[in-house]
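Peer 1: I would like to see how this sequence folds:
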Amino acid sequence: MDKSCTLLVHYDKGTPAVAKEIKEALEGNDVEAKVDAMKKAVMLLLNGETIPQLFITIIRYVLPSEDHTIQKLLLLYLELIEKTDSKGKVLPEMILICQNLRNNLQHPNEYIRGVTLRFLCRLKETEIVEPLTPSVLQNLEHRHPFVRRNAILAVMSIYKLPNGDQLFVDAPEMIEKALSTEQDPSAKRNAFLMLFTCAEERAVNYLLSNVDKVSDWNESLQMVVLELIRSVCKTKPTEKGKYIKIIISLLSATSSAVIYECAGTLVSLSSAPTAIRAAANTYCQLLLSQSDNNVKLILLDRLSELKSLHREIMVELIIDVLRALSSPNLDIRKKTLDIALDLITHHNINEVVQMLKKEVVKTQSGELEKNGEYRQMLIQAIHACAVKFPEVASTVVHLLMDFLGDSNVASALDVVAFVREIIETNPKLRVSIITRLLDTFYQIRAGKVCPCALWIIGEYCLSLSEVESGISTIKQCLGDLPFYSISEESEPTETSNKIQPTSSAMVSSRKPVILADGTYATQSAASETTFSTPTVVQGSVASGNLRTLLLTGDFFLGAVVACTLTKLVLRLEEVQPSKTEVNKTVTQALLIMVSMLQLGQSPASPHPIDNDSYERIVLCIKLLCHRNDEMKKIWLESCRQSFVKMISEKQLTEMAELKAKTQTTNAQPDDLIDFFHLKSRKGMSQLELEDQVQDDLKRATGEFTKDENDANKLNRILQLTGFSDPVYAEAYVTVHHYDIALEVTVINRTKETLQNMCLELATMGDLKLVERPQNYSLAPGTSMQIKANIKVSSTETGVIFGNIVYETSNVMERNVVVLNDIHIDIMDYISPAVCSEVAFRTMWAEFEWENKVAVNTTIQNERKFLDHIIKSTNMKCLTAPSAIEGECGFLAANLYAKSVFGEDALVNVSIEKQTDGVLSGYIRIRSKTQGIALSLGDKITLKQKGSS
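Peer 2: Model (predicted):
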């Protein structure tokens with residue numbers, strides 16, 4: 001069986017030492033060789049070797065050595081060797097080392113005394129320790145603090161041994177006496193720790209008698225004081241008022257560690273506003289003063305916890321929290337923004353937005369590598385502010401529109417999405433946004449941003465001047481037509497100054513040609529004609545973005561350009577009285593669309609135009625040629641109405657989530673109103689009074705008596721053996737974030753005592769057993785609880801299996817009871833989460849692991865099947881309800897969840913109802929890791945039939 005190890009040594013793995021070589025080196029007189037040999041012996045012991053043949057050699061040749069290094073290594077060796085036999089009795093040869101240890105404890109050198117006392121702290125054998133107790137007590141009054149501090153620890157360790165209180169009957173009194181006279185900070189801390197561990201009442205009395213001096217004590221002693229306060233307040237919650245005063249006084253300590261622990265202790269002990277405010281202020285100060293990024297992240301976690309429990313107090317500190325944005329680390333900035341966005345109110349929104357605007361301006365400097373990503377986070381934060389509080393949109397929208405041409409495409413996409421939402425929700429800003437967008441449109445270089453900007457131009461250019469400006473801007477950005485030309489080599493070309501390479505081909509043609517006198521004639525010939533290759537007409541330098549993107553083969557953008565021009569022309573027809581101008585504009589729009597089709601079908605394009613874009617452009621051409629009121633209504637009104645519906649649904653969803661978060665019943669209509677100003681103060685401070693009121697409130701609302709639902713607990717009990725087995729076992733499984741706690745109840749159903757009974761566990765998957773449970777003896781008919789901890793390292797289904805092994809009176813026979821497997825469900829680690837559509841698509845494209853599950857279910861309704869999958873997988877449906885309502889025979893939806901390890905799980909459900917009413921289709925799962933994709937797939941396969 002594995003045993004606990006008190007020593008960990010790093011060493012480079014090489015050829016293992018041989019016991020014979022070690023023995024020879026130890027028997028020699030060379031001190032360095034002996035040191036090296038002792039190190040090798042310690043390494044062998046750490047690797048599980050026993051090497052009993054070395055013990056007598058070490059006693060003879062190493063024990064008498066005066067070298068300090070050898071003596072230290074000897075103690076390490078003695079710490080590691082087995083000191084008891086299989087029955088737990090001390091080996092007789094251990095008596096040989098007792099005299100040496102006694103000599104060391106009386107050695108003139110303080111180092112030898114100190115390391116020997118430290119060695120005694122790790123001894124668990126009372127028989128070895130007992131003869132040494134007088135020498136240990138003598139060292140409590142040694143002149144050197146190194147000896148005294150280790151002597152105190154040795155006394156504490158011996159006192160905690162079984163029957164240790166009989167070896168040192170008056171140990172607490174002696175340590176208390178030593179504490180009152182001790183001057184060394186470390187020794188003082190050890191003495192106080194001993195009293196706290198072994199005689200808590202004495203520690204409390206000492207603390208309360210020295211309340212005024214606590215703030216002047218050493219950092220290590222103050223940490224133990226805080227630990228004592230937490231322990232006492234758990235057992236005696238009524239007395240915590242006097243201890244909170246001590247914590248408040250320690251908040252002004254010089255040590256950051258002490259201040260951090262004080263804040264954590266305050267939060268755990270008290271809900272009084274004054275205490276929470278002091279703790280939050282402390283975290284904010286540490287956030288600014290600490291340079292370590294890990295420390296900052298931990299502090300932000302603490303502030304996030306305070307935000308969820310005491311939001312009204314954290315709201316006051318939102319600007320202090322936002323100061324953490326000065327850190328260049330993106331994780332810190334993201335966490336800071338997440339906390340701040342939940343603390344925004346009508347009172348602080350202007351300050352927050354002002355601060356975010358300053359940060360956005362700073363990102364333009366370009367000094368840092370990740371300015372683009374940081375700018376994207378800031379834009380998303382400002383967007384969230386503007387959605388919650390529309391009145392601030394006017395102050396930020398024009399600043400953000402400067403970043404439409406940002407080289408960071410994700411950042412520019414966020415800006416254009418923000419503009420699209422604000423122009424709809426803030427009608428007053430429409431004119432200024434459209435004007436600014438038309439002025440800056442030429443700066444947009446990203447193929448993903450242009451379509452959204454064009455859609456805004458097509459939908460929100462309403463007046464005559466805006467429509468004309470919109471058409472003019474698009475024409476300028478497309479440049480001169482056509483997009484390409486083919487010129488014969490025999491004639492000079494005007495479209496390109498460069499000489500193009502030529503190609504020769506046999507051409508059989510029948511075409512009209514212009515004769516010298518200007519008349520037409522038909523030429524029919526089969527001749528070898530030399531043509532130049534198709535030449536892309538680049539246009540002027542100013543004819544920027546749309547032309548450049550079209551010439552790279554972005555025909556989806558071409559379809560969007562066609563749709564935008566169609567909308568603008570249809571609106572021009574409504575606002576332009578002159579039919580001539582309308583017809584002229586229609587002609588220009590048709591020419592642009594035909595030119596795009598021509599480019600898409602020409603060899604000059606990097607690839608041919610796709611069918612969707614082709615059909616869309618052709619539809620726009622047909623519509624402009626045959627305009628009618630019904631089509632005009634669809635193009636100019638229905639599209640906007642769909643967008644308005646989408647925005648309103650998004651706002652309703654956000655409001656519902658916010659309500660769910662803040663849904664707390666503060667007071668019932670017939671509740672007692674407690675006027676705490678009228679309570680008897682009895683000499684209590686304001687903080688103690690607040691704390692008492694908060695405790696009364698918790699007691700009234702039942703917060704102190706909250707217990708886990710018994711039915712829930714019963715659901716987690718798993719039967720591990722049968723009722724007819726000699727040993728009955730069942731396990732209660734508790735899944736925490738990163739570990740699984742197993743509480744196994746074992747019942748001896750035989751009439752014999754089970755000896756050396758051991759629960760042997762093994763795991764499969766990313767599960768790891770922390771430590772093996774020890775052996776027990778179990779009397780007939782009795783039961784016992786055995787606890788085991790298992791660490792989890794990733795989100796996937798794991799299996800725990802094992803046996804119960806025991807011996808009876810017949811020692812020759814070991815009995816084994818095989819346990820049922822415990823399956824750890826992936827659902828324990830997954831929780832529904834929300835992400836934007838853009839983020840979902842980005843992750844879908846990036847993630848490499850995909851699991852495709854065919855739909856096989858008895859459910860015949862598409863929506864019911866989707867709801868069943870959502871319930872079975874514990875995921876959140878990102879697709880809007882309006883997009884999946886109605887009966888159309890097919891359904892497509894995106895689901896999203898996040899694991900406790902930060903892993904993303906993406907699911908796409910695509911189903912269709914066949915003519916016979918059966919659902920068919922696929923469920924596709926994507927994730928960054930293989931485990932989550934496979935485990936979710938197995939879960940869906942198991943659950944999709946419709947069974948519970």
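
Peer 1: identify all contacting residues around stretch 90-108.
Peer 2: Stretch 90-108 is contacted from outside by 55-56, 59, 63, 71, 78, 82-85, 112-113, 116-117, 119-120, 125, 127-128, 131-132, 135-136, 138-139, using Cβ atoms under 8 Å, 6 or more residues apart in numbering. C-beta here means a position set from N, CA and C on the backbone, and glycine is covered the same way.

Peer 1: let me see the mean pLDDT of it.
Peer 2: Taken as a whole, stretch 90-108 has a mean pLDDT of 83.

Peer 1: where does pLDDT dip in this structure?
Peer 2: 1-5, 10-17, 366-369, 485-544, 657-715, 737, 793-797, 810-812, 945-948 (pLDDT under 70).

Peer 1: got the domain ranges for it?
Peer 2: Listed by the TED database, the domain ranges of the chain are 344-442, 461-483+544-640, 716-824, 828-944.

Peer 1: tell me where the stretch 401-550 of the chain has strands.
Peer 2: 484-485, 502-514, 520-532, 535-536 (DSSP state E, counting those that start in this stretch).

Peer 1: so residue 243 makes contact with residue 231?
Peer 2: No. The criterion here is Cβ atoms under 8 Å, and residue 243 misses it with residue 231 at 10.5 Å.

Peer 1: list buried residues within the contacts of stretch 90-108.
Peer 2: 55, 63, 71, 78, 83, 112-113, 116-117, 119-120, 128, 132, 135-136, 139 (16 or more other Cβ atoms under 10 Å).

Peer 1: now, the contacts of stretch 90-108 that are in helices?
Peer 2: The helices, defined by DSSP state H, take in 55-56, 59, 71, 78, 112-113, 116-117, 119-120, 127-128, 135-136, 138 from the contacts of stretch 90-108.

Peer 1: tell me the two of those residues that are most distant?
Peer 2: Taking Cβ to Cβ as the measure, the ones in helices among the contacts of stretch 90-108 span a maximum distance of 30.5 Å, between 56 and 138.

Peer 1: need the contact list for residue 413.
Peer 2: Listed by Cβ under 8 Å, 6+ apart, the contact set of residue 413 reads 446, 448-449, 452, 838.

Peer 1: hang on, the earlier thing: okay, residue 243 and residue 231: which has more neighbours?
Peer 2: Taking neighbours as other Cβ atoms under 10 Å, residue 243 and residue 231 compare with residue 243 leading, 24 against 15.

Peer 1: ok, now how distant is that one from residue 842?
Peer 2: 51 Å (Cβ to Cβ, to the nearest Å).

Peer 1: one more: residue 99?
Peer 2: Using Cβ to Cβ, one gets 73 Å for the distance from residue 99 to residue 842.

Peer 1: returning to what we had before: as JSON lines, the domains of the chain with distance to residue 30 would be great.
Peer 2: Compiled in JSON lines, the domains of the chain are given as follows (distance: least, Cβ to Cβ, whole Å):
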{"stretch": "domain 344-442", "distance to residue 30": "57"}
{"stretch": "domain 461-483+544-640", "distance to residue 30": "78"}
{"stretch": "domain 716-824", "distance to residue 30": "41"}
{"stretch": "domain 828-944", "distance to residue 30": "53"}
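
Peer 1: what's next to the helix or strand residue 302 falls within, contact-wise?
Peer 2: Using DSSP states H and E, residue 302 maps to helix 293-309. Outside helix 293-309, the residues that touch it by Cβ under 8 Å, 6+ apart are 260, 263-264, 267, 276, 279-280, 283-284, 286-287, 290, 313-314, 321, 324, 327, 329, 331-332, 335-336, 338-339, 342-343.

Peer 1: repeat that for 7 Å
Peer 2: For helix 293-309, the surrounding residues in contact (Cβ atoms under 7 Å, 6 or more residues apart in numbering) are 267, 276, 280, 283, 286-287, 290, 314, 321, 324, 327, 329, 331-332, 335-336, 339, 342-343.

Peer 1: from the residues you listed, which land in helices?
Peer 2: 267, 276, 280, 283, 286-287, 314, 321, 331-332, 335-336, 339.

Peer 1: wait, what's in contact with the nearest residue to residue 38 once chain neighbours are set aside?
Peer 2: Take residue 38 and drop its neighbours on the chain: the residue closest to it by Cβ to Cβ, 6 or more residues apart in numbering is residue 73, 3.9 Å away. Residues in contact with residue 73 (Cβ under 7 Å, 6+ apart) are 35, 38-39, 42.

Peer 1: which of the residues you listed fall within helices?
Peer 2: Reading helices off the contacts of residue 73 with DSSP H, I get 35, 38-39, 42.

Peer 1: now the residues you listed in JSON lines, with distance to residue 804?
Peer 2: Formatted as JSON lines, the ones in helices among the contacts of residue 73 follow (distance: Cβ to Cβ, whole Å):
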{"residue": "35", "distance to residue 804": "47"}
{"residue": "38", "distance to residue 804": "42"}
{"residue": "39", "distance to residue 804": "41"}
{"residue": "42", "distance to residue 804": "36"}
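
Peer 1: for those, work out which two are farthest apart.
Peer 2: 35 and 42, at 10.9 Å, using Cβ to Cβ across those.

Peer 1: so which bits of the helix or strand hosting residue 234 are buried?
Peer 2: Per DSSP H and E, residue 234 falls inside helix 219-235. Burial within helix 219-235, assessed by neighbour count using 16+ other Cβ under 10 Å, is assigned to 220-230, 232-233.

Peer 1: cool, and stretch 905-920?
Peer 2: Result for stretch 905-920 [16+ other Cβ under 10 Å]: buried residues 905-909, 911, 913, 919.

Peer 1: tabulate the residues you listed (a markdown table), appending secondary structure and distance to residue 271.
Peer 2: Shown next, in a markdown table, are the buried residues of stretch 905-920 (DSSP: H, G, I helix; E, B strand; the rest coil; distance: Cβ to Cβ, whole Å):
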| residue | secondary structure | distance to residue 271 |
| --- | --- | --- |
| 905 | strand | 36 |
| 906 | strand | 40 |
| 907 | strand | 40 |
| 908 | strand | 45 |
| 909 | strand | 44 |
| 911 | strand | 49 |
| 913 | strand | 55 |
| 919 | strand | 52 |
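
Peer 1: pick out the most distant pair among those.
Peer 2: 905 and 913 (26.5 Å).

Peer 1: hmm, residue 114 and residue 150 touching each other?
Peer 2: Yes. Residue 150 lies in contact with residue 114 (Cβ atoms under 7 Å); the separation is 4.7 Å.

Peer 1: residues touching residue 374, list them.
Peer 2: Residue 374 neighbours (Cβ under 7 Å, 6+ apart): 330, 333, 363.

Peer 1: of the ones in helices among the contacts of residue 73, which is the most crowded?
Peer 2: When neighbours are counted by other Cβ under 10 Å, residue 38 leads the ones in helices among the contacts of residue 73 with 25 neighbours.

Peer 1: okay but it is in contact with residue 69, surely?
Peer 2: No. Counting by Cβ under 7 Å, residue 38 does not reach residue 69; the two are 8.5 Å apart.

Peer 1: doesn't residue 851 fall inside a strand?
Peer 2: Yes. Counting by DSSP: H, G, I helix; E, B strand; the rest coil, residue 851 is part of a strand.

Peer 1: that one and residue 930, how far apart?
Peer 2: 9 Å.

Peer 1: over to residue 757?
Peer 2: Residue 757 is 39 Å from residue 930, by Cβ to Cβ.

Peer 1: who's more crowded, those two?
Peer 2: Taking residue 757 and residue 930 together and counting by other Cβ under 10 Å, residue 757 has the greater number of neighbours (23 against 13).

Peer 1: tell me the SS of the more buried one?
Peer 2: strand.

Peer 1: run through the bridge partners of it.
Peer 2: Partner residues in beta bridges with residue 757, using DSSP bridges, are residue 776.

Peer 1: tell me if I'm right that it and residue 782 touch.
Peer 2: No. Counting by Cβ under 7 Å, residue 757 does not reach residue 782; the two are 11.2 Å apart.
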